[in-house]
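Colleague: just the structure for this:
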Amino acid sequence: MFTSWAYTCRMNTPRLLVAEGNTPEGRARQIAAGGKPASDGYAKLLRELWPEAAIDICFPADPGANLPDAGLESYDGVAITGSALHVYDGGPSIEPQIELVRSAYRAKTPIFGSCWGLQVATVAAGGAVHKNPRGREIGFGRRIRLTEAGMSHPLFKDKPTVFEALTVHLDEVATLPLKGKVLAMNDHSGVQAAEIEYEGGIAWGVQYHPEYEFKDISAILKRLNGALVTEGFFASNEDATLYIRDVDTLAKDPANRRLGWRHGLDSAITQRDLRIQELRNWIEMKVKPTRSVRGRA
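Modeller: The predicted structure follows:
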């Protein structure tokens, strides 16, 4: 059979799909606070980590969403962003996201989920998510520690066994699916990272945000300012403003020694290469090997 040069090039180009977890309203709120849509930042980082890859973005929470018209087998990996939604609420903004993830599992296309992405991957495979009884975790996830399974897992290659991470979440994984294993935890959430197997597919997920920059956390803090005072994180709006000012300074100078000391930040969060290590490992240790097995490399 004759195969055109253009078709061969398309087949040889790595393809990644980023699934935006937020609704149009959620994206607008983040932009108004000085941030950007989660999928934009995710796609930018994936392009940096794999310059040869073509990155598509879909919006399954949107009415009339531009879901992939080809099977998810045509992608080498699917990454799911965070979201302000609650997966247990269900409804038209959430059910299509669950089905998209189930399709990725069935296609045996490697999945990576951050925060909401982990939660959707959990529910899609039969697990459960609930509102964290300890409340919100925001800003810096503290003392995230690898389990025995996590210490030998490729997701955490070259990552410290205990580390800090940029984070924001109100919900957490309550029960992992039958074929799920906890890879990391901390005092706030019993599942800070997990591997989930479902119908032959594999998802690696983290409850924090390795894809975030400090400025993403700053925008979320500005958006949630009033709620964070009510929840007791800050004594007043002025108190919140001072904290956000520190985060804005860290966005410009992550190695700021004074603020690193003040906020107890370790190198896993101040050094960008370490902060994004999980996504690098997903591409190098899961996506590329699966692509090779599929005969695309």
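
Colleague: which helix runs longest in the chain?
Modeller: helix 237-252 (DSSP state H).

Colleague: how about it: buried residues?
Modeller: For helix 237-252, the neighbour count (16 or more other CB atoms under 10 Å) marks 240, 243-244, 246-248, 250 as buried. Just so you know, the C-beta spots here come from the backbone N, C-alpha and C atoms, and that holds for glycine as well.

Colleague: then that helix to PDB, C-alphas only?
Modeller: Only the C-alpha atoms of helix 237-252 are listed here, as PDB (Å, rounded to 0.1, in the frame of the first residue of the first chain):
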ATOM      1  CA  ASN A 237      -8.200  41.000  53.600                       C
ATOM      2  CA  GLU A 238      -5.100  43.000  54.400                       C
ATOM      3  CA  ASP A 239      -3.500  39.800  55.800                       C
ATOM      4  CA  ALA A 240      -4.400  38.000  52.600                       C
ATOM      5  CA  THR A 241      -2.900  40.800  50.500                       C
ATOM      6  CA  LEU A 242       0.400  40.600  52.300                       C
ATOM      7  CA  TYR A 243       0.600  36.800  51.700                       C
ATOM      8  CA  ILE A 244      -0.300  37.200  48.000                       C
ATOM      9  CA  ARG A 245       2.400  39.900  47.700                       C
ATOM     10  CA  ASP A 246       4.900  37.300  48.900                       C
ATOM     11  CA  VAL A 247       3.700  34.800  46.300                       C
ATOM     12  CA  ASP A 248       3.900  37.400  43.600                       C
ATOM     13  CA  THR A 249       7.500  38.100  44.600                       C
ATOM     14  CA  LEU A 250       8.300  34.400  44.500                       C
ATOM     15  CA  ALA A 251       6.800  34.300  41.000                       C
ATOM     16  CA  LYS A 252       9.500  36.700  39.900                       C
END
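
Colleague: circling back to that earlier point, I'd like the buried residues of helix 237-252 as TSV, with pLDDT appended.
Modeller: Output for the buried residues of helix 237-252, formatted as TSV (pLDDT from 0 to 100):
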residue	pLDDT
Ala240	93
Tyr243	94
Ile244	94
Asp246	96
Val247	95
Asp248	95
Leu250	96
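
Colleague: from the residues you listed, which is closest to Gly150?
Modeller: Leu250 (26.7 Å; CB to CB).

Colleague: give me the nearest residue to the closest one, chain neighbours excluded.
Modeller: Distances taken as CB to CB, 6 or more residues apart in numbering place Phe214 nearest to Leu250, at 4.6 Å, with adjacent residues excluded.

Colleague: show me what contacts the one you found?
Modeller: For Phe214, the contacting residues are 166, 247-248, 250-251, 254, by CB atoms under 8 Å, 6 or more residues apart in numbering.

Colleague: so for the helix or strand where Leu274 lies, what's the average pLDDT?
Modeller: If you go by DSSP states H and E, Leu274 is part of helix 272-275. Averaged over helix 272-275, pLDDT sits at 96.

Colleague: gap between the helix or strand just after that helix and the chain center?
Modeller: Sequence-wise, the next helix or strand downstream of helix 272-275 (DSSP H and E) is helix 277-281. Here helix 277-281 is found 11 Å from its chain centre; the criterion is CA atoms, centre = their mean, to the nearest Å.
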